[in-house]
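K.L.:
got a structure for you, letters missing:
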């Protein structure tokens, strides 16, 4: 037990009762109030007189409390004699209610009869409002849970929306399910074009669908600009702040409009947040949004903004990926072509139609430059020329601005600090992300510039190699010696290939010994041309009296040990003794020379063979072989391009060459090698072709047959001239014979074969000690030859220049002309 | 096409046509067209044959027609041809008009003034 502390002041029991921190009521068993303390009176505003003897406890309760009193309080009290913590609302004197908690005790008399009820009343105002708050909080939590659920669904939709359009579709549905909005619309900000564009709406009959500049005074543009949530609660507010909304609100019966900026971050942190669009939604009737709702609205704005941002990045990424693929493909297909013009052509063909509907490439390379067009229609020529000029001079791309008359981009193409030209294109006006587009175009121009520069360098190198090769091949060949004549032909590969390493050469080792060479260096391009030049010089240096073909080629083997690029080059080398007519030859991996003696069929010289120069695996024991060359023999050296063709076995090539060479045994030497090349390889061939034909010894009697073709007269004349020179015919006689022979052949072509382009003309020339005789025979008919004034002059010339002329007309015509030697005209 | 046989230039105030190489039936026609196309408006024409190494009757026919046309149009003309050589031989054999043949370009030009 504790002992009661003695207080330092007297505690009056009455005062304690009256002013206790709770109300006291004492009632009769029927509830009639018989005693009440001051505290209760003060809380309820009643006077003691109003209550004591006049009211029952239940009279002080609210209607709900009175029912509770009947059903719970009274029965419980009667059964238990006491009740605890029952909540009742007291109706105060001023009709306000006072939340209370009640404890009551029923006291009974000696016979257990109910005598009085003592009740303590606790003021529960604070507690009740706390409970209310709890309830409110729960309701709030439930509401926000619902909204969050809606928001979560939207966020899930947004996450699955890869494009701007899909994001817009997901966002525009949100306000109806989350807030019960009547309709909503979404607008996007187009920064490149400085516009706000309406893209989607749940009710397209509302709102204004025209694009507006970002600086527009219209509500949507203003909100996009400010980046703040705006709630227009009524028509009155709309009139005051955003008059442009009023008509629409009236027309569609809306009283509340929410304008929500779609931002990449929280709107209170303006610094980093970018407004990408505006979601506008409206309600019929004035709708007040709770703080919680506004929070969710803001959150929706951020989520949608971030989704838009993501979609834009994704769009950009996809576009960038497409562009990267385009650039990579373009680089690859340009690399497939080496030469400049085809590469230029392919560039414009890549651009149209994939990225442009018209393109023009202008290159200031060579004269008059290169111009390639694709697609159409072409823009105004003058404006384009100005833009091209501007782009070239300043070396900066020209991009069209809105409203420009010239709707093309003009890109300068540069490489190694030099402007090669311009690429102009007209592209679709779409161009969101125009900045990315510019970067792409500049990248394209860089790559195109590089590819074209490489092609230019390739052309240049090719040109150098060709020039080098030509200059080496164009060297003076020995001539003017009546004991031999040379004819050569070089034909570069078609199909745009680089120069090869084929070459020919002929030189006199001493006045009576002639060397002839044909060789082929492995590879192409400037290296091959250079090596060819080196080998050619090496052969000239190695050749000498008493060396001979086999030792010369051994020397070349030593030479290619130091000149790596000369490895596996092949050479056919021959020396001719001009006094004895003996041929000594050796072939290092080269095709066999072809010999046509004056009589009999041609034969391939298959001896004196060994492996290519510097060969490791082949037989490099160099041998040589000797054969006599009768006067009038022709020896042909050639490279493999002449007979090797993919469509024909090499045996066939040899056979064909042999046959054609034999068929031409009587053809003039000039033009012989070119004719063989034309026949055997044609124009479009994949390899270089090189031929050298040596005609040995002057025939006493020159026999040639030629076709009825005017251009053949000069060839015959060339050979006849050489033949006459070889026989020491003095110049005046020589010129006279040449003139007469030419006229006779011309007559045969003009008259004998007027109607027969395939006719053959046979020419036989003989020299005797005192005269030159030429016979020209055809099988045509000289109709009206003498009557023809022009041809008449030809006949006159023949008669004037020769001493004797016989014209025999039988089966065709034979003109026999003779001129005495050393007879002045 | 015909550049290897014929080139054009000015000698003083005269149009100078320089022929070179072999002129025969095969190329005379084309050379003629090239010359006519060029000297249409000329007042004086010099035709230099000094480096012609062969001239046949078709070449003579060409020169004949050319000189005839020029004279009809009042164009004064001279042919310059060496003392010797194939071209001189052919012209001589054809009895070409000696009065318009000269051996020297300077003299030919002087004769036209």
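P.N.:
Right, received. Where do you want to start? Just so it is clear, the model here is predicted, and its values are computed rather than measured. Numbers count the residues shown, from 1 in each chain, chains lettered A, B, ... in the order given.
K.L.:
and the helix or strand encompassing residue A:549, what's buried?
P.N.:
Assigned by DSSP states H and E, residue A:549 falls within helix A:548-562. Buried positions in helix A:548-562, judged by neighbour count with 16 or more other C-beta atoms under 10 Å in any protein chain shown: A:548, A:549, A:550, A:551, A:552, A:553, A:554, A:555, A:556, A:557, A:559, A:560. For the C-beta atoms, the positions are set from N, CA and C on the backbone; glycine is no exception.
K.L.:
so after that helix, what's the next helix or strand?
P.N.:
Assigned by DSSP H and E, the successor of helix A:548-562 is strand A:570-577.
K.L.:
any residues touching that following strand, and which ones?
P.N.:
The contact list for strand A:570-577 (C-beta atoms under 8 Å, 6 or more residues apart in numbering or on different chains) reads A:484, A:509, A:512-520, A:535, A:539, A:543, A:548-549, A:552-553, A:556, A:582-593, A:612-613, A:629, A:635, A:637, A:694, A:696.
K.L.:
let's see that with 6 Å instead.
P.N.:
Here strand A:570-577 makes contact (C-beta atoms under 6 Å, 6 or more residues apart in numbering or on different chains) with A:513-520, A:549, A:583-590, A:593, A:612, A:637.
K.L.:
which ones among those residues map onto helices?
P.N.:
If you go by DSSP state H, those have residue A:549 in helices.
K.L.:
now list the buried members of the contacts of strand A:570-577.
P.N.:
A:513-520, A:549, A:583-590, A:593, A:612, A:637.
K.L.:
between the buried residues of helix A:548-562, which sits nearest residue A:654?
P.N.:
residue A:549 (22.0 Å; C-beta to C-beta).
K.L.:
contacts only, for the closest one.
P.N.:
A:573, A:584, A:585, A:586, A:624.
K.L.:
if we use 10 Å, what do you get?
P.N.:
Contacts for residue A:549 (C-beta atoms under 10 Å, 6 or more residues apart in numbering or on different chains) come out as A:515, A:517, A:543, A:571-575, A:583-588, A:608, A:622-626.
K.L.:
A strand includes residue A:744, no?
P.N.:
No - counting by DSSP: H, G, I helix; E, B strand; the rest coil, residue A:744 is located in no strand; its state is helix.
K.L.:
that one contacts residue A:778, doesn't it?
P.N.:
Yes - applying C-beta atoms under 10 Å, one finds residue A:744 in contact with residue A:778, separated by 9.3 Å.
K.L.:
who has more neighbours, those two?
P.N.:
residue A:744 (29 against 25; other C-beta atoms under 10 Å in any protein chain shown).
K.L.:
just the pLDDT at whatever residue of chain A ends up closest to chain B, thanks.
P.N.:
Proximity of chain A to chain B (C-beta to the nearest C-beta) peaks at residue A:710, 3.8 Å away. For residue A:710, the pLDDT comes out at 88.
K.L.:
so who does it touch?
P.N.:
So residue A:710 contacts A:745, A:746, A:749, A:750, B:24, B:25, B:26, B:27, B:28, B:29, B:58 (C-beta under 10 Å, 6+ apart).
K.L.:
nearest to residue A:20 among those residues?
P.N.:
Nearest to residue A:20 among the contacts of residue A:710 is residue B:27, at 145.3 Å by C-beta to C-beta.
K.L.:
so what does the closest residue to residue A:31 other than its chain neighbours have for phi and psi?
P.N.:
Counting by C-beta to C-beta, 6 or more residues apart in numbering or on different chains, residue A:31 lies nearest to residue A:56, which is 3.6 Å off, once chain neighbours are set aside. Dihedral angles of residue A:56 (phi, psi; degrees, to the nearest 10) stand at phi -100, psi 160.
K.L.:
residue A:56 reaches residue A:33, doesn't it?
P.N.:
Yes - counting by C-beta under 10 Å, residue A:56 does reach residue A:33; the two are 6.9 Å apart.
K.L.:
sec struct for residue A:311, please.
P.N.:
Counting by three-state DSSP, the backbone at residue A:311 sits in helix.
K.L.:
any idea how far it lies from residue A:304?
P.N.:
Residue A:311 sits 10 Å away from residue A:304, taking C-beta to C-beta, to the nearest Å as the criterion.
K.L.:
again with residue A:93
P.N.:
57 Å.
K.L.:
do residue A:84 as well
P.N.:
55 Å.
K.L.:
neighbour count: the two, which is higher?
P.N.:
Between residue A:84 and residue A:304, counting by other C-beta under 10 Å, residue A:304 is the more crowded of the two (27 against 12).
K.L.:
could I get the phi/psi values of residue 24?
P.N.:
This is for chain A. Per degrees, to the nearest 10, the backbone of residue A:24 is at phi -120, psi 130.
K.L.:
the chain in question should be chain B.
P.N.:
Torsion angles at residue B:24 (phi, psi; degrees, to the nearest 10) stand at phi -140, psi -170.
K.L.:
residues of the strand ranked longest in chain B that come out buried?
P.N.:
Longest strand of chain B, by residue count under DSSP state E: strand B:44-55. Neighbour counts over strand B:44-55 (16+ other C-beta under 10 Å) mark B:44, B:45, B:46, B:47, B:48, B:49, B:50, B:52, B:54, B:55 as buried.
K.L.:
tell me the helix or strand right after the longest helix belonging to chain B.
P.N.:
Longest helix in chain B, counting residues (DSSP H): helix B:57-72. As assigned by DSSP H and E, the chain's next helix or strand after helix B:57-72 is strand B:76-80.
K.L.:
pairing partners for that following strand, with directions?
P.N.:
Partners of strand B:76-80 in the sheet, by DSSP bridges, are strand B:44-55 (parallel), strand B:101-102 (parallel).
K.L.:
let me have those strands in TSV, extended by distance to residue A:218 and mean pLDDT.
P.N.:
Converted to TSV, these look like this (distance: least, C-beta to C-beta, whole Å; pLDDT from 0 to 100):
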stretch	distance to residue A:218	mean pLDDT
strand B:44-55	84	92
strand B:101-102	95	89
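K.L.:
any chance of those in a markdown table with distance to residue A:673 as columns?
P.N.:
Listed next are the strands paired with strand B:76-80 as a markdown table, based on distance: least, C-beta to C-beta, whole Å:
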| stretch | distance to residue A:673 |
| --- | --- |
| strand B:44-55 | 23 |
| strand B:101-102 | 40 |
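K.L.:
to residue A:276, which of those lies closest?
P.N.:
Closest to residue A:276 of these is strand B:44-55 (C-beta to C-beta; 82.5 Å).
K.L.:
the more surrounded of residue A:56 and residue A:33?
P.N.:
When neighbours are counted by other C-beta under 10 Å, residue A:56 and residue A:33 differ, and residue A:33 comes out ahead with 24 against 15.
K.L.:
assumed residue A:134 was part of a helix.
P.N.:
Yes - using three-state DSSP, the assignment for residue A:134 is a helix.
K.L.:
got any ranges where the stretch 101-250 of chain A has weak pLDDT?
P.N.:
A:206-208 (pLDDT under 70).
K.L.:
same question for stretch B:98-113: list its buried residues.
P.N.:
Going by neighbour count (16+ other C-beta under 10 Å), the buried part of stretch B:98-113 is B:100, B:101, B:102, B:105, B:108, B:109, B:112.
K.L.:
what's the burial count for the residue lying closest to residue A:62 once chain neighbours are set aside?
P.N.:
Distances taken as C-beta to C-beta, 6+ apart put residue A:89 closest to residue A:62, at 4.2 Å, once the chain neighbours are dropped. Other residues lying near residue A:89 total 19 when counted by other C-beta under 10 Å.
K.L.:
thank you kindly, that will do.
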